[in-house]
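**Student:** kindly generate the corresponding structure for this input.
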Amino acid sequence: MPVAGDRFYFWFDVPQPAGLEYDRADGVAPLRAAFDGWAPGVQALVDAIDPEASLNRVEIWDITPFSTWAKGRVAILGDAAHNTAPDIGQGACSALEDAFALGIAFATNTVSVEDTLKRYEQMRAERAGDLVLRARKRGYETHAFDVDATEAWYESLRGADGVGIIRGIVGNIDGTPSTSAAGCARSEPRGAGGARPASVHPARRTATRARKRPRGTDERGSRVRAARRSPRRP
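**Tutor:** From the prediction side, this is the model:
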């Protein structure tokens with residue numbers, strides 16, 4: 001990823017025990033050991049690292065998906081709701097989807113703040129949780145937690161024509177808030193005692209009034225006369 005000053009950001013993923021001590025004085029030595037024998041391009045990246053200026057080691061964790069994102073007038077989003085491993089490139093994307101979905105929820109619902117946040121939760125929790133599990137599965141496949149599974153994954157790539165990769169990318173896009181906004185407006189969270197709220201989305205109230213409007217009237221109830229064009233006589 002390009003950053004300022006003709007530099008770019010990249011990262012290496014090395015499976016290691018949790019809580020492993022890290023000494024910055026080791027520099028790139030752990031990377032050289034982990035990627036010994038890899039392609040020349042990988043070695044060039046390792047050689048380009050200046051440990052004193054730009055090398056950091058972080059542990060990667062995710063959160064097992066859960067469904068409660070909102071309580072009363074408080075809701076969570078981003079990593080607080082769906083901290084995700086980077087293996088399918090959807091962590092930041094999911095946070096942006098949260099913001100978009102929250103905007104849709106407030107723009108299209110007027111019952112209450114509590115009701116709106118519940119609609120946001122319903123719109124996002126299942127999809128975001130699915131992406132967390134997809135990333136977890138991909139990490140398990142690609143990072144030798146199970147050596148046989150990783151070797152099988154790499155072997156499958158040798159005969160791949162790219163169709164499966166494109167299908168996976170499209171699968172990550174499908175179900176975004178832009179394609180499920182209507183579901184947010186239609187869903188009606190139940191209130192206390194299981195009752196549905198009396199008030200609904202303004203567009204639905206308008207649509208209901210339009211259906212009950214007598215044929216041949218405008219939205220104010222005034223009679224509308226259709227203008228018909230008479231055929232022109234010679």
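
**Student:** which stretch of helix or strand covers the residue nearest the centre of the chain?
**Tutor:** For the chain, Ser94 is the residue whose C-alpha lies nearest the centre (CA atoms, centre = their mean; 2.6 Å). If you go by DSSP states H and E, Ser94 is part of helix 91-108.

**Student:** helix/strand/coil for Trp38?
**Tutor:** coil (DSSP: H, G, I helix; E, B strand; the rest coil).

**Student:** distance check, it against Pro51.
**Tutor:** 19 Å (CB to CB, to the nearest Å). Any C-beta I mention is one placed from the backbone N, CA and C, and that applies to glycine too.

**Student:** who has more neighbours, those two?
**Tutor:** Pro51 (14 against 11; other CB atoms under 10 Å).

**Student:** what about the closest residue to that one other than its chain neighbours, how many residues nearby?
**Tutor:** Leaving aside its chain neighbours, Pro51 sits nearest to Gly27 (3.9 Å; criterion: CB to CB, 6 or more residues apart in numbering). Gly27 has 14 neighbouring residues, counting by other CB under 10 Å.

**Student:** cool, and His82?
**Tutor:** Using other CB under 10 Å, His82 is surrounded by 28 other residues.

**Student:** again, but for Gly171
**Tutor:** Counted with other CB under 10 Å, Gly171 comes out at 13.

**Student:** what strand or helix carries it?
**Tutor:** helix 163-173.

**Student:** other residues contacting that helix?
**Tutor:** Taking contacts as CB atoms under 8 Å, 6 or more residues apart in numbering, the residues outside helix 163-173 that touch it are Ile88, Gly89, Gln90, Cys93, Leu131, Arg134.

**Student:** any idea of the angle that helix forms with helix 91-108?
**Tutor:** 40 degrees (axes from the mean of the first three to the mean of the last three CA atoms, to 10 degrees).

**Student:** quick check: buried residues in helix 163-173?
**Tutor:** The neighbour-count check on helix 163-173 (16 or more other CB atoms under 10 Å) flags Asn172 as buried.

**Student:** report the distance from it to the chain centre.
**Tutor:** On the basis of CA atoms, centre = their mean, to the nearest Å, helix 163-173 sits 14 Å off its chain's mean C-alpha point.

**Student:** stretch 87-103 too?
**Tutor:** With CA atoms, centre = their mean, you get 4 Å for stretch 87-103.

**Student:** try stretch 60-71
**Tutor:** On CA atoms, centre = their mean, the centre of stretch 60-71 falls 13 Å from the chain's centre.

**Student:** turn the contacts of helix 163-173 into JSON lines, including neighbour count, pLDDT and distance to Gly164.
**Tutor:** Output for the contacts of helix 163-173, formatted as JSON lines (neighbours: other CB atoms under 10 Å; pLDDT from 0 to 100; distance: CB to CB, whole Å):
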{"residue": "Ile88", "neighbour count": "20", "pLDDT": "89", "distance to Gly164": "13"}
{"residue": "Gly89", "neighbour count": "13", "pLDDT": "87", "distance to Gly164": "16"}
{"residue": "Gln90", "neighbour count": "21", "pLDDT": "90", "distance to Gly164": "17"}
{"residue": "Cys93", "neighbour count": "15", "pLDDT": "91", "distance to Gly164": "20"}
{"residue": "Leu131", "neighbour count": "22", "pLDDT": "94", "distance to Gly164": "18"}
{"residue": "Arg134", "neighbour count": "18", "pLDDT": "92", "distance to Gly164": "14"}
